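the sequence and its predicted three-dimensional model are supplied below.
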Amino acid sequence: MLAAQVSRLTRRVFYGWWIVLAGSVAMAIAGGLFIVGFGFFFEPIRQHFGWSRTMLSGAYAVSRLGRSTFGPLEGYLIQRFGSRTVMTAAFVAFGLGFVLLSRTNSILNFYMAFVLLTIAAEACGYSSVMASINNWFRVKRAMAVSFAMLGMGLGGVIFPPILAFAFDNFSWRTVSLA
C-alpha cells in the first residue's frame, strides 16, 4: 500500500524537482566539506609541517588561478557531455583530491591537492547543478535555484560539527582520507 502511494507521488512530482534535490545534496557535500569545512584542515596541516600561514594561504591564490583557467573548459564539458557526466567525474576528482591531501608531504603536493579540490568542488557543486536546473526549468526556475542553493547552507551547518568531532578524535590525514 505504501509503495503504491509513493509510486503515485513520484509520478505526480515533476522530475526537475528530483534534480533540484540531488543538486542540493551535491552542493551540501561540496560546500560543507570544502568551501566551509576546509578551514578545519589548515591549522593541523600547518602545525604538522611547520609551514607559515602565508604558505598555506598561497594555495587559495593559486587555486583561483586554476579555477579561472578551468572555468571555460568546464562550461564546454558540461555543454558537450552533460551535467551528470561532468558531476560524476568531478565527484571522483573531489574524492581523489582528499586522498592526495592525505598523502601530502610537501607544499607543492598540498597546492596540487588544493587546486584539484577547488576545481572539483566547483564542478560538482555549483556549475553542474545550475546547468541542470536551467535545462529542466522554464517556470519556477528562481525557486528551483533557491532550493538547490539551500544545500550549500545546509552543508555549512551539517559538516562542521562532523569535521570538528573527527579532528578531535583522528589525525588530519585520517580525516582527509575518510
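Sure thing, it's come through.

spatially nearest residue to the residue nearest to the spatial centre of the chain (excluding sequence neighbours)?
The structure's the chain has its C-alpha centroid closest to residue 30; by CA atoms, centre = their mean the separation is 1.8 Å. Among residues not flanking residue 30 along the chain, residue 125 sits closest, at 3.3 Å (CB to CB, 6 or more residues apart in numbering). Where you see a C-beta, it was placed from the backbone N, CA and C, and this is true even at glycine.

thinking again about what came up before, what separation do you get for the residue nearest to the centre of the chain and residue 47?
From residue 30 over to residue 47 the distance is 26 Å, taken as CB to CB, to the nearest Å.

re earlier: who's in contact with the residue nearest to residue 30?
26, 27, 29, 30, 31, 35, 152 (CB atoms under 8 Å, 6 or more residues apart in numbering).

going by distance to residue 57, which of those wins?
residue 35 (15.8 Å; CB to CB).

ok so, going back, and the residue nearest to the centre of the chain, how far is that from residue 143?
21 Å.

residue 46 against residue 54, yeah?
No. In this structure, residue 46 is not within contact of residue 54 by CB atoms under 8 Å, at 10.3 Å.

in which helix or strand does the residue nearest to the centre of the chain reside?
Residue 30 is part of helix 15-30, with elements assigned from DSSP states H and E.

now do the buried residues in that helix.
If you call a residue buried by 16 or more other CB atoms under 10 Å, then helix 15-30 has these buried ones: 16, 19, 20, 22, 23, 24, 26, 27, 28, 29, 30.

perfect, that will be all.
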